[in-house]
Structures are given as C-alpha cells and as structure tokens.
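[1] Okay, here's the prediction I keep looking at, along with the sequence it came from:
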Amino acid sequence: MDDYTNELTVEMLQDGLYRKIAETIGIDNFYKLACTVGGSTIYIPRAESLLRPVRDAHIKAEFTGFNHVALAEKYNVTERWVRQLCGTGFAEGQIGFFDETFEP
C-alpha cells in the first residue's frame, strides 16, 4: 500500500475534518499520522493548552517575589495561578509579621 503514497493528493480526501488536517499539515504528514494513530480515537488539545508550559516558564522567569498582580494581568491568568506557580513571595529567611521566632 505504501507504493501509492506518492499518488495521494488532498483533493482525493472527502471534504471535512480529514481534508482540513491534510491541507494544514500536508498530505505526507497526514499519511504519517494515519500510520501512527489510524483507527484510534484521539484527543487533540487546543493550541493554547500546548503553549501553557511555555507561558508558565515566562511567568516564573519574570517573578520578582512581589509582582503577582502584574504578572497575572500581563499573562491573563489569575493571581492565584501565579501564586500557585511561584509561591507566596516571601524571600528565603524573611521573617513574617506573626512569626514566633521573631525576637526584638
């Protein structure tokens, strides 16, 4: 069957999702995809989901310890998400206001 791959064109596919995928990634890549997962039910995530780890890496790199709100606004995420990624913002060794180890 592989002998026919060089004759396959996008126009030979039925209109619909398969043709749209083949037009986007090319007929050769669509054939490779069919060889890899053909016959399976697969879920393809949204593009923004694929880029989320990159966005989160940028947030972590730009975190100064006290810019939760600014980063949340810049990256259109919640302040809670920034805190979950980066922590509360206390510097290592910093004494809290109600810290029991504080001695004046």
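    That came in fine, so what should we check first?
[2] who are the neighbours of the biggest helix by length in the chain, in terms of helices and strands?
    Counting by DSSP state H, the longest helix found in the chain is helix 47-62. Secondary-structure packing of helix 47-62 (3 or more C-beta pairs under 8 Å, 6 or more residues apart in numbering; DSSP states H and E): helix 68-74, helix 79-86. For the C-beta atoms, the positions are set from N, CA and C on the backbone; glycine is no exception.
[3] Name the SS class of Thr40, please.
    Actually, residue 40 is Ser. It isn't Thr. Assigned with DSSP: H, G, I helix; E, B strand; the rest coil, Ser40 falls in the coil class.
[4] what are the phi and psi angles of it?
    Main-chain dihedrals, Ser40, degrees, to the nearest 10: phi -100, psi 160.
[5] Quick check: it vs Leu71, distance?
    Distance, Ser40 to Leu71, using C-beta to C-beta, to the nearest Å: 39 Å.
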